[in-house]
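A.B. asks: fold the following.
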Amino acid sequence: MTENAGNSLKRGLAILEVFCEDRLEWTPEELMEKLGYSRPTLYRYLKTLREAGLLSSSASAGFTLGPKVVEMDFLLRKSDALILNGQKHLKNLTERYACTALLVRRYGDRILCVASERSVANPRSSYPRGRPMPLGRGAIARSLMAFLPRRQLVPMIERHMEDLHAIGLGNTVEEVYESLRRVKRAGYAVAFGEVTPGVVGIAAPVYDAGRSPVASVCVTIAGHLINGNDIDEISAHVRQAGLEISEALSLERETEKTI
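C.D. replies: Okay, here's the model as predicted:
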């Protein structure tokens, strides 16, 4: 791919990046103002994305995400090794406890649920599958951050210092770093009501043969249903699930290298 082609691809993908929960529809004029593209350039990208099914246009001249996104999500569920290897562990956890069990994928500074199971009729969760979660709060975030190499972790702490300070992890970058080191030594993270009030989150990292975690396995459960001993028991099972999923992913990665 040439440099010009690569830049063009990035500029086209930047249009998809502006869609979020707070802005589900954009007019061409709004996109030009947001992205700084000329009208001919923008319309060329919009035409390509619409023809690919990644965008749809409405009668009001606004653009929304298109049906190709749904098709790709279906394919993701059938091909993602994390989901395929982790689903049975989610079922095991929900059979054992009245909870919601989740697999949460990390990419860059974003984390979001890619699979979940539940054994309660009305689960208390603010973040269903596909909705990005805060990186500065909750057991899932800490179960991922705590296991990153220092060179990756410190800049991430700096970017999310306000949230990390607000939940009591420390007043400085070094204090937060030491708090996360304690999570790493434990092998899992526990949080009380940081993401959803009244809910306890217990999470452990998942690896795929690399040094940095790629995902987290988590149990969320109503705080009034458990005590300290229950948390210790659940934490052990969540940590074991993380280890077994990591082992399966690592084995698949090593198998791919030998083919």
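A.B. asks: now do the strands in this protein.
C.D. replies: For the chain, the strands defined by DSSP state E occupy 55-57, 63-65, 100-107, 110-118, 132-133, 189-192, 199-206, 215-222.
A.B. asks: and the longest helix that the chain contains, which residues are buried?
C.D. replies: The single longest helix within the chain, with elements called by DSSP state H, is helix 228-258. Within helix 228-258, the residues that qualify as buried are 231, 234-235, 237-246, 248-249, counting by 16 or more other Cβ atoms under 10 Å. Where C-beta positions appear, they are placed from N, C-alpha and C, glycine not excepted.
A.B. asks: and of those, the nearest to I15?
C.D. replies: L249 (32.4 Å; Cβ to Cβ).
A.B. asks: confidence score at that closest one?
C.D. replies: pLDDT, L249: 93.
A.B. asks: so how far is A209 from it?
C.D. replies: Per Cβ to Cβ, to the nearest Å, L249 is found 7 Å from A209.
A.B. asks: hmm, back to that, which helices and strands does the longest helix of the chain pack with?
C.D. replies: Counting by 3 or more Cβ pairs under 8 Å, 6 or more residues apart in numbering; DSSP states H and E, the packing neighbours recorded for helix 228-258 are helix 81-96, strand 199-206, strand 215-222.
A.B. asks: ranking the strands of the chain by mean pLDDT, which is last?
C.D. replies: Of all those, the minimum mean pLDDT falls on strand 132-133 (a mean of 83).
A.B. asks: which helices and strands does it pack with?
C.D. replies: Against strand 132-133 (3+ Cβ pairs under 8 Å, 6+ apart) you get strand 110-118.
A.B. asks: partner strands of the strand it packs on, parallel or antiparallel?
C.D. replies: strand 100-107 (antiparallel), strand 132-133 (antiparallel) (DSSP bridges).
A.B. asks: and those, which is most packed in?
C.D. replies: Per residue and on average, the most neighbours among these fall to strand 100-107, with a mean of 23 (mean count of other Cβ atoms under 10 Å).
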